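> Predicted model and sequence below, questions to follow.
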Amino acid sequence: MNFASTTQAAARAVRGTPAPKAHKSPQRRPSHVAVPSAQEAIHISHFEDFMFRHFGKDSSVIPAGIFLTTIVLGSGLASMSRGDQANQQTFMRLRIGAQGVTVLAMLTSLAVQERQKVLGIIES
């Protein structure tokens with residue numbers, strides 16, 4: 001809402017006139033986005049099938065990466081509390097790698113889900 005519409009709404013409230021009803025027009029998809037209808041078959045490659053199964057909605061890859069990162073971090077903190085400098089350093093470097101792989105899996109999952117939305121496989 002901008003300032004003009006806010007002041008108009010305030011003036012109507014003072015006069016007691018009802019606000020105009022909003023006209024709801026159907027949402028249109030951009031013409032450049034091809035969404036197949038329910039009758040059309042969707043052809044996907046083997047690579048897309050692999051990505052949809054492993055990185056699509058409800059993927060188990062991201063929770064596994066978070067679990068791995070947590071285990072490595074806990075091991076590194078345990079090594080730190082024991083005073084084992086070499087092991088602690090190794091575990092912290094492994095933690096960085098596990099975090100990087102997890103973030104990469106999250107970004108891949110977002111891209112795969114967007115592709116599924118474009119194909120009409122999952123809802124927006």
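Yes, it's here.
> Quick check: which element contains the nearest residue to residue 76 once chain neighbours are set aside?
Excluding its sequence neighbours, the residue lying closest to residue 76 (Cβ to Cβ, 6 or more residues apart in numbering) is residue 91, at 3.2 Å. All C-beta atoms are positioned from the backbone trio N, CA, C, and that covers glycine. Assigned by DSSP states H and E, residue 91 belongs to helix 85-119.
> mean confidence for that helix?
The pLDDT scores in helix 85-119 average 93.
> and that helix, what other elements does it pack with?
helix 46-55, helix 61-82 (3 or more Cβ pairs under 8 Å, 6 or more residues apart in numbering; DSSP states H and E).
> mind listing what's buried in it?
Across helix 85-119, burial judged by 16 or more other Cβ atoms under 10 Å covers 88, 91-92, 94-95, 98-99, 102, 105-106, 108-109, 112-113, 115-116, 119.
> how about the helices and strands packed on helix 85-119 in CSV, adding mean pLDDT, distance to residue 124 and mean neighbour count?
Formatted as CSV, these follow (pLDDT from 0 to 100; distance: least, Cβ to Cβ, whole Å; neighbours: other Cβ atoms under 10 Å):
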stretch, mean pLDDT, distance to residue 124, mean neighbour count
helix 46-55, 87, 16, 14
helix 61-82, 94, 21, 15
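> In a markdown table, list the ones you listed along with distance to residue 123.
Formatted as a markdown table, these follow (distance: least, Cβ to Cβ, whole Å):
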| stretch | distance to residue 123 |
| --- | --- |
| helix 46-55 | 15 |
| helix 61-82 | 20 |
